[in-house]
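J.: give me the fold of what follows.
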Amino acid sequence: MDYKDLKPGKMELLVLGTGCPKCKALDKAVNELVAELDLQANVRKVEDIMEIMQFGVMRTPALVVNGKVVVSGRIPNKTELTSFLTR
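T.: Numbering: from 1, shown residues only. This is a model prediction of the structure:
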């Protein structure tokens, strides 16, 4: 992913996980919060283990905001998730 091609103000959100229930729950939570907060964001679910490994993530689920891993190995609560998406 080349982040320099993103439009200003548009976030790139990646939910990393191989399809486990926690990974699906994080994906759902992120998509719901993006809609609720009316954020300009591209949300993509990444299940390919090779792509996940490029981020150095050892435990899923993980959330990547604009190329930076902000959480891995757990599902953040709504307050945490909101802070990750609005900073």
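J.: how far away from the center of its chain is the longest helix anywhere in the chain?
T.: Secondary structure of the chain per DSSP state H: the longest helix is helix 21-37. Distance of helix 21-37 from its chain centroid, counting by Cα atoms, centre = their mean, to the nearest Å, is 9 Å.
J.: tell me the mean pLDDT for the helix or strand just after that helix?
T.: Under the assignment DSSP states H and E, the closest C-terminal helix or strand after helix 21-37 is strand 41-46. Strand 41-46 shows a mean pLDDT of 97.
J.: run the angle between strand 41-46 and helix 21-37 for me.
T.: Put simply, strand 41-46 runs at 170 degrees to helix 21-37, going by axes from the mean of the first three to the mean of the last three Cα atoms, to 10 degrees.
J.: buried set for strand 41-46?
T.: 41, 43, 45-46 (16 or more other Cβ atoms under 10 Å). Quick note: C-beta positions are derived from backbone N, CA and C, even for glycine.
J.: then stretch 48-60?
T.: 52, 55, 57, 60.
J.: and that stretch, end to end?
T.: 12 Å (Cα to Cα, to the nearest Å).
J.: picking that back up, from the buried residues of strand 41-46, which is closest to Leu85?
T.: Ala41 (7.4 Å; Cβ to Cβ).
J.: Asn66 versus Glu80, what's the distance?
T.: For Glu80, the distance to Asn66 (Cβ to Cβ, to the nearest Å) stands at 17 Å.
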